[in-house]
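J.: Fold the following and give me the result.
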Amino acid sequence: MKLNTNLRKILNRKDITVAQLARATRISKNTIQDWISGTSPRDLSKLKEVAQYLGTTIDDLLFGASEIPQKPLTQTKEIDFGNFAVILRPLDNRTIDRINNFVERTDKVSEAQIGNERKGEK
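T.: Predicted structure coming up:
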C-alpha cells in the first residue's frame with residue numbers, strides 16, 4: 001500500500017491542504033499528517049470519507065490511479081423558487097437531507113393549497 005505517496009500526490013494535484021482535508025472530513029490533522037508521513041496505521045473506515053471528498057476511490061488512495069480528477073467532488077443542491085433558483089454548495093449529507101425534507105414539505109403544502117383553491121372555485 002502506498003497511501004502516503006498517493007494521498008500526498010492527490011492533495012498536491014488538487015491544491016488541497018492537510019488542514020482543508022481535515023476540516024472537510026472531520027479527521028484530525030495529525031492523523032492525516034501521520035498517513036502522509038507513513039507513520040500511522042491506516043483506519044480504512046476513515047479513508048472512505050477522504051476518498052469521497054477527493055473525488056476518488058479507496059483503491060486509488062491505496063494503490064494509485066492512472067487519472068485523478070483535478071477538483072474534489074462536491075454535492076450541490078438547486079432549489080427552484082419559481083422566479084429564481086438558488087444553488088448551494090458544498091453541502092454535507094445531513095444538510096442535503098434537511099433541504100430535501102424542507103422541499104418535500106413545501107411541495108406538500110403547495111399541493112394542499114392548490115387543492116383548497118380549486119375546491120373554492122367550484
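J.: What's the local residue count around residue 101?
T.: 10 (other Cβ atoms under 10 Å). Yep, even glycine has a C-beta here, placed from its N, CA and C like the rest.
J.: Please, which helix or strand holds it?
T.: With secondary structure defined by DSSP states H and E, residue 101 is part of helix 93-121.
J.: Average pLDDT for that helix, rounded please.
T.: For helix 93-121, the mean pLDDT works out to 69.
J.: Repeat that for stretch 51-60.
T.: 86.
J.: cool, stretch 81-88 as well?
T.: Stretch 81-88 comes out at a mean pLDDT of 68.
J.: Please apply the same query to stretch 38-46.
T.: 72.
J.: Look up phi and psi at residue 57.
T.: Main-chain dihedrals, residue 57, degrees, to the nearest 10: phi -120, psi 170.
J.: ok, for it, nearest residue in space, not its chain neighbours?
T.: residue 51 (5.4 Å; Cβ to Cβ, 6 or more residues apart in numbering).
J.: need the strands for this structure, in chain order.
T.: Assigned by DSSP state E, the chain shows strands spanning 77-80, 85-88.
J.: Residue 64 and residue 8 touch, don't they?
T.: No: with contact defined as Cβ atoms under 8 Å, residue 64 does not reach residue 8; the gap is 11.8 Å.
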